[in-house]
Structures are given as C-alpha cells and as structure tokens.
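Peer 1: Predicted structure and sequence below. I'll ask about it afterward.
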Amino acid sequence: MAAPTPVSELSFEAAMKELDAIVARLEKGAVELDESIALYERGSKLKARCDALLKDAEARIERIRLGADGNPTGTAPLDKE
Amino acid sequence: MTDASDGATNLAPLSVSDLAGALKRTIEDRFGYVRVRGEISGFRGPHSSGHCYFSLKDQNARIDAVIWKPVYARMKVRPEEGVEVIATRRITTFPGKSAYQIIIDQIELAGLGALMALLEKRRQALAAEGLFDAARKRPLPFLPAVVGVVTSPTGAVIRDILHRLADRFPRRVLVWPVRVQGEGSAQEVAAAIAGFNALGAAGGPPRPDVLIVARGGGSLEDLWGFNEEIVVRAAAESAIPLISAVGHETDTTLIDLAADIRAPTPTAAAELAVPVRLDLLRQIGELGARGVGALIRLAAQRRRERDAAARLFDSRADILAPRRQALDGALDRWELAASRDGMRRRDRLGTAVALLETHRPVEELRRRREALASLGRRLEARAPEAARLRERLAGYGERLRAGFVSATRLSRQRRAQDLARAGERLAAALRGLGETRRARLAAAGQMLDSLSYERVLARGYAVVWEGRRPLRRAGDVRPGAAVTLQFADGRVAATAGDRQGGAGEEASRPLAGPPPRAASPRRPRKPEPGPAGQGDLF
C-alpha cells in the first residue's frame, strides 16, 4: 500500500475495506513484526474512523422550503403526522 | 306527402339560415356536454395559432375535433396520434359549412390498453435515446450522509421511508415536497430532482448523496405522472444516484427504467439507501477483535521463535563461556595494570614536580651566572700571575725541547747497535739449529732404513701376500689360495699348497711346484700399497 490515504479522508466503505484487508494480512501471519505493528496501528485508526462514522447516526429530518419561484429557500423541520 | 297538392302544402317554407340556425340550437342544446370515445387521428401538434385541429374516429365514423389554445396549455393528458381517448365537452356546428365538430375541454386515456400502448410507445422512444442504458447507471453510495426524498410530505410513503431509515441507519433526510398525482405533478417531481442536484451551495441545504423518488400504489392513471417524459429525463440526468419507488412491485413506470435502481416499495428504497448500522458496528467490532487476536498470535509466534533462537544462542554461549571468562580475567588484569601504571606514572610525575620545584631553573640560572661572574672576577685578579706562569712555562718548554732532541739522538745510535748484535746472534742460532736438525734427520733416516722390511727382503727373505694382505703365519694361508711372493727384486704369483710341519720351516722354505703360469716371469710390479700405509713413507 504505497502512500496510504490519510484515514480521516477515507469513506466508511474504503476504511472498512482496508481494515478487512489488514486483518486478513495479520491473520495470515506472514508479515514482519515491525510491519505487523504498523499494520495494526493503521488498522486501529481505520477502526476508529469506521466507529466514528457509525457513531454519527443522528436522524435529522428536514423539509425543503420552496420560494414563490419554486426554488429552495432553506429547510424546515418536517412535521410528521 | 307524395303530392304537392296534399294537405301539407300550407306549411310555410323555412329559409336555409332558419333551418341551419334551428339545427345549431338543437344540436348544441342536446349535445352541450358529451363524452365521446375515439381514436385520435390526423393530430399534427398545435397549429401555428396554438389551436389544435384533428379528428376522433372509430370504425365507421369520423368527427372533427378542436382544442383551443388556452385549453391545450393546461391539459393533463394531451392528444397523441393513434391514442384512444375519451374526449369531453360540447358539439358545435358551422352553419355556413353544414358541418359540426367537437370542442374538446379535456382528454382522458381510454382504458388500460390505450395507456399501455402509449407507455410502450414512449418507452421505445426514450430507450432509443439511451436514457435507460445500463451504462448510465451509477452505483449507490455505501453510506450516504444525506438522503434526499422526493415525495408527498404527508402520507404513508414518507413515514415508511423515515421509519426504515431510522431502523437501519439514522441519517439526515431532506424531503422535497411534491404532488405525486394529478395535473402538474410530473413538473414538480422533475423540478425536485433537478433541484436536489443543484443543492450544495455554501450556507444552503446540503446536496444529498442519494435520492429516493417515491409514491405509493395506485392505478396506472394515478401513477401516470411518473411516466411523463419530463420526469424520466430528470431522473436520467440526475448526477445523484437515484432510487425509484413508485407504486407497488407490479407497477412499472418509466422513471423506474431511468432510475439507477428500482425499489419495489418505498420501504425497500430506504433499505437500498443505507446499510444496517448495527451490522456494520458488529462487523467493525469483529474486524477489530480479529486484528487484535492476529497481533497477539503473531507476537506469541515471534516470542516462540525468539525463545527457540535464544536457547540456541545459550547453547553457543556455553561454548563461549570459558573464553569470555578468560577475556574478563584479561580485562581485569589489564585494568589493574593500567591503574598501577597510572599510579606509577603519577608518582613519577609527583617526584618530577617536587624535583622541579627544588630546582627552580630561573633561580639556578641566576646562581650559576653569579658563580660564573665571581669566577671571572677571580680570573682577572689572577691575570698577572698567569702571565708570569706563562713565561715560566715557555722557559720550561724550551729546555724540555732541547733535552728531548739530544735524548732522542743518543737512544737512536744505541738501538742500531743492539739490533745488529741481535741479528748476528739470531743468524748463529739459526745456523746451529739447522745443523743439529740435519744430523738428527740423517740418523732417523738410517734408523728407518734399518727397520724397513725391504732391507729384510734384501737379506733374502720374502713376504707372502694374499691380495694386499701380508700373511704372517702359516695358519693364515688358505690351501689353494692365490698368493703373491715378494722378493727384494720382484714378485712371483703362487698357489698355496697344504699346510706342512711346524711353524719354523714355513716362513723360510720356498713354496714348491709353482704352476707354469706362475713360474712365467712377470713384469716387476711396483709393490702395491701395503696395509697401514707403509708405502706412503717413500
């Protein structure tokens, strides 16, 4: 993995995919010790990234407000019945 | 009424206009509001005036039809060639042309078959443009941050979507409210799709990562807005991946074909839009645990390898231990020696320093300079005495030289005489020595002569040789051995016979019967060098 993307820029999907690959490599056990530590560190960052993205799970329901011309002017809470 | 002279002849005749006017009133009163079903024929789109002129027909009849411009502009279903419709409004006549026509206010599609035919026709046209191509489909984002929903803000559909989103993965949801049925609904839906795509300006609502266009179930006519070309084009052009969920699973609208993916229901659309958060949490948790486990196993494995290596190393270390001990001992000794050497040097340095302090060089120099000066002064004081001494010394010298010259001359004469005398004595001594020796040498020579065996031979004796060995006794002679008899004047070969008698006659008696060969004179031979190097004397 040449020049790994900073973890904070990864999408959930990309982070999870890389984490999966790292775990698979670690489980194979065919890595040098220092590399395995580097892999593990990267893996923990990826996991933290995934966890953070999963933690951000707040529902926020808004309704687009439309002006007289039919263009959006902003949002308003959607009054659910 | 067969004859003009009959009773009806008193009926007053109508003018053409009267009749036409009467017909017009009658028809328009009677058919002021009709619904007529027929196939649209001869439709070429609106005339340049904006009005539309065409016909409605069936198998046997045809009636002209008109849609006035303002009516056409607000029509929900517009006329299309060949479509069977139910047209509504009134019949009007043109008295000047003996003609009648239907003025249409509204058109409805006539029955499912007609709708399906129209749908199929439209589908083919849009497909030919490539709007439904698989290559246009974009993948949905795995985890959208914002979900845009185009639907009615009230009703079951939005509720279902929001519930399912909340169940799976609560997200920010933007709802773009639209009418999903009736006139203008298609325009609103198309505007909403384009509007969501245009979002994202700073400060405004965020641009969604995925769109859901949804409507609940209904009749084909109810869903018709989602078959409209404007909606289909908006969906196909959306840069945001779009999920369509219109009607029930069995209903297919054209927006479904243009969407990136079609969901059978609004609920299913929500499921396509977001993953299940708890599943992901579990998956991530599992991955994390697997990672930790793998690392621990890896570390344990490395530790085992290291231990094994360490054991191997230790066994080597046992071999090395004596040497290391020896090395340590050497190092200790070296350090001790070094420290002793250091102490010794320090001592010597201390001594040197002390010595140096007692011998302050400057002080010493000053002292010596003073001593030198005082010596100089004393020397100066002695100068006259020195001059006198020098004179006396010169006088001594003169006398000494004179004495030496005479002494030398005297001793030279004496030595020459001594030498001459010694020479004479030496010559006399040498002479005397030579005579004495010559006399002794002659005597020794005579003595030697008298002792020589050849002298004995000269007196008539012979020597018996076997090879180079002289035979001294009869016992030495082997019978039959070849021997040589040496006389004073030469040698004779002989063969020894058997031993005879006593010892006395053997040596003196000549050997009898020499063989003829031996008797033949032989060239006198120089006596072979005898044993014990006797010949060397001559």
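Peer 2: Everything's here; your move. Residues are numbered from 1 along each chain as shown, chains lettered A, B, ... in the order given.
Peer 1: make it CA atoms for all contacts and neighbour counts henceforth
Peer 2: Noted.
Peer 1: Can you read off the pLDDT for residue 38?
Peer 2: Let's take chain A. Listed pLDDT for A:Ala38 reads 85.
Peer 1: nope, chain B
Peer 2: pLDDT at B:Gly38 comes out at 89.
Peer 1: likewise B:Ala428?
Peer 2: B:Ala428 is given a pLDDT of 82.
Peer 1: burial of it, as a residue count?
Peer 2: 12 (other CA atoms under 10 Å in any protein chain shown).
Peer 1: so how far is chain A from it?
Peer 2: Distance, B:Ala428 to chain A, using CA to the nearest CA, to the nearest Å: 117 Å.
Peer 1: residue contacts, that residue?
Peer 2: Listed by CA atoms under 8 Å, 6 or more residues apart in numbering or on different chains, the contact set of B:Ala428 is empty.
Peer 1: any idea which element it lies in?
Peer 2: Assigned by DSSP states H and E, B:Ala428 belongs to helix B:383-451.
Peer 1: Tell me if I am right that B:Ile212 is in a helix.
Peer 2: No: when DSSP: H, G, I helix; E, B strand; the rest coil is applied, B:Ile212 is found to be strand, with no helix at that position.
Peer 1: so it bridges to which residues?
Peer 2: B:Ile212 has these beta-bridge partners by DSSP bridges: B:Val149, B:Ile243.
Peer 1: correct me, but it touches B:Val157?
Peer 2: No: applying CA atoms under 8 Å, one finds B:Ile212 not in contact with B:Val157, separated by 11.0 Å.
Peer 1: So for these two, which residue has more residues nearby?
Peer 2: B:Ile212 (28 against 21).
Peer 1: Now for that one: which residues touch it?
Peer 2: B:Val147, B:Gly148, B:Val149, B:Val150, B:Leu242, B:Ile243, B:Ser244, B:Ala245, B:Ala269, B:Ala270.
Peer 1: what's the most distant pair in those residues?
Peer 2: Farthest pair in the contacts of B:Ile212 (CA to CA) is B:Val147 and B:Ala245. Separation: 14.3 Å.
Peer 1: Among those two, which residue is more densely surrounded?
Peer 2: Set B:Val147 next to B:Ala245 and count neighbours by other CA under 10 Å: B:Ala245 wins out with 31 against 23.
Peer 1: Sticking with that one, tell me its helix or strand.
Peer 2: Assigned by DSSP H and E, B:Ala245 belongs to strand B:242-246.
Peer 1: Work out the gap between that strand and the centre of the chain.
Peer 2: Relative to the centre of its chain, strand B:242-246 is centred 52 Å away, using CA atoms, centre = their mean, to the nearest Å.
Peer 1: Which strands or helices does that strand pack on?
Peer 2: On a contact count with 3 or more CA pairs under 8 Å, 6 or more residues apart in numbering or on different chains; DSSP states H and E, strand B:242-246 meets strand B:210-215, helix B:254-258, strand B:261-262, helix B:266-273.
Peer 1: helices and strands around the third one, which ones?
Peer 2: In terms of contacts (3+ CA pairs under 8 Å, 6+ apart), strand B:261-262 is packed against strand B:242-246.
Peer 1: hmm, who's touching the strand it packs on?
Peer 2: B:140, B:210-217, B:223, B:226, B:235, B:252-253, B:255-256, B:259-266, B:268-269, B:273.
Peer 1: residues contacting A:Ser36?
Peer 2: A:Leu26, B:Leu295.
Peer 1: Quick check: buried residues in the helix or strand containing it?
Peer 2: A:Ser36 belongs to helix A:33-55 when elements are defined using DSSP H and E. Buried residues in helix A:33-55, defined by neighbour count with 16 or more other CA atoms under 10 Å in any protein chain shown: A:36-37, A:39-40, A:42-51, A:54.
Peer 1: And stretch B:290-305, how far out from the chain middle?
Peer 2: 24 Å.
Peer 1: do stretch B:446-454 as well
Peer 2: Remark: stretch B:446-454 is offset 112 Å from the chain centroid, using CA atoms, centre = their mean.
Peer 1: same question for it, mean pLDDT?
Peer 2: On average, stretch B:446-454 scores 74.
Peer 1: surely B:Pro205 meets B:Leu199?
Peer 2: Yes: counting by CA under 8 Å, B:Pro205 sits close enough to B:Leu199 to count as a contact (6.5 Å).
Peer 1: which of the two has more neighbours?
Peer 2: B:Pro205 (18 against 14).
Peer 1: What are the phi and psi values at that one?
Peer 2: phi -60, psi 150 (degrees, to the nearest 10).
Peer 1: Buried residues in stretch B:333-346, which are they?
Peer 2: So, applying 16+ other CA under 10 Å, stretch B:333-346 has no buried residues.
Peer 1: residue closest to the middle of chain A?
Peer 2: A:Phe12 (2.7 Å; CA atoms, centre = their mean).
Peer 1: need the contact list for the closest residue to that residue other than its chain neighbours.
Peer 2: Using CA to CA, 6 or more residues apart in numbering or on different chains and skipping the chain neighbours, the partner closest in space to A:Phe12 is A:Cys50 (5.7 Å). A:Cys50 makes contact with A:Phe12, A:Ala15, A:Met16, B:Ile284 under the criterion CA under 8 Å, 6+ apart.
Peer 1: Was I right to think the first one contacts B:Leu143?
Peer 2: Yes: between A:Phe12 and B:Leu143 there is a contact under CA under 8 Å: 6.9 Å.
Peer 1: and the lowest-mean-pLDDT helix or strand in chain A, what other elements does it pack with?
Peer 2: Ranked by mean pLDDT, DSSP states H and E, the helix or strand of chain A with the weakest confidence is strand A:72-77, at a mean of 82. The contact analysis (3+ CA pairs under 8 Å, 6+ apart) places strand A:72-77 against strand A:60-66.
Peer 1: Please identify the buried residues of the strand it packs on?
Peer 2: Buried residues in strand A:60-66, defined by neighbour count with 16+ other CA under 10 Å: A:Ile61, A:Glu62, A:Arg63, A:Ile64, A:Arg65.
Peer 1: Then stretch B:144-160?
Peer 2: B:144-153, B:157-160.
Peer 1: Sketch out the low-pLDDT regions of chain A for me.
Peer 2: A:1-3, A:79-81 (pLDDT under 70).
Peer 1: just checking, next helix/strand downstream of whatever helix or strand B:Gly293 lives in?
Peer 2: Per DSSP H and E: B:Gly293 is located in helix B:277-358. Using DSSP H and E, the next helix or strand after helix B:277-358 towards the C-terminus is helix B:361-381.
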